[in-house]
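Q: Please work out how this folds:
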Amino acid sequence: MNHNEHIEETIRNIYHAFEHPGTHPLDSGLTAIDGWITSLDGIGGSALAGVQSELRTLRGHIERGDRPAIAASLQQLGQETSVIAHDLRGGDGDHLRHLGQALIVASGNLKVS
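A: Now for the predicted structure:
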C-alpha cells in the first residue's frame, strides 16, 4: 500500500470511528498508529520526527483512555500534518491536507462527545 492509500484508509477509519462508536476495537486503533510510526521510520526530517513523537504520545493517551489528552494530541497531529502539506503540490499535498483536516475534525468531535 502506498502512502496516499494509507492516508485515505486512515481518513476513512477516523470518520468511521466517530460515526460508529464502539465498533472499532482499541487494538485496531493502536495497530494503525503503530503502522504510521513504522511507515515514517527512516524518512527523515524534523517535522516527521515530531509527528512520530506525537503518534507515540497519542498511543499512550489512548491506552490510558485520557479523552482530553487524545483530543489535544489529534489537534496537534492535524496541525503538524497541515504544516507539512502546506508546501506540497499535487496529490501528496492534497491527501495530507485532507488528513490534517480529518485529524482536527476528529479532535473537535472528541471534545464534544
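Q: OK, contacts around the nearest residue to His98 once chain neighbours are set aside?
A: Spatial nearest neighbour of His98, excluding adjacent residues (C-beta to C-beta, 6 or more residues apart in numbering): Ile11 at 6.1 Å. (Each C-beta comes from the backbone N, C-alpha and C, glycine too.) By C-beta atoms under 8 Å, 6 or more residues apart in numbering, Ile11 lies in contact with 98-99, 102.
Q: Out of these, list just those in strands.
A: Assignment to strands by DSSP state E places none of the contacts of Ile11 there.
Q: Run a quick neighbour tally on Ile14.
A: If you count neighbours by other C-beta atoms under 10 Å, Ile14 ends up with 20.
Q: Ignore what I typed, I meant Gly45.
A: 10.
Q: Leu26 touches Ile62, doesn't it?
A: Yes: with contact defined as C-beta atoms under 8 Å, Leu26 counts as touching Ile62 (6.9 Å).
Q: So between the two, which is more surrounded?
A: Using other C-beta under 10 Å, the more surrounded residue of Leu26 and Ile62 is Ile62, with 17 against 10.
Q: residue contacts, the more buried one?
A: 26, 29-30, 33, 70.
Q: Apply 10 Å and report the result again.
A: The contact partners of Ile62, by C-beta atoms under 10 Å, 6 or more residues apart in numbering, come to 26, 29-30, 33, 69-70, 73.
Q: so how far is the longest helix that the chain contains from its chain's centroid?
A: Assignment by DSSP state H gives helix 90-112 as the longest helix of the chain. Here helix 90-112 shows a centroid-to-chain-centroid distance of 8 Å under the convention C-alpha atoms, centre = their mean, to the nearest Å.
Q: for it, packing partners?
A: If you count contacts as 3 or more C-beta pairs under 10 Å, 6 or more residues apart in numbering; DSSP states H and E, helix 90-112 packs onto helix 3-19, helix 67-86.
Q: so of these, which one's packed in deepest?
A: With neighbours defined as mean count of other C-beta atoms under 10 Å, these peak in mean count at helix 67-86, which reaches a mean of 18.
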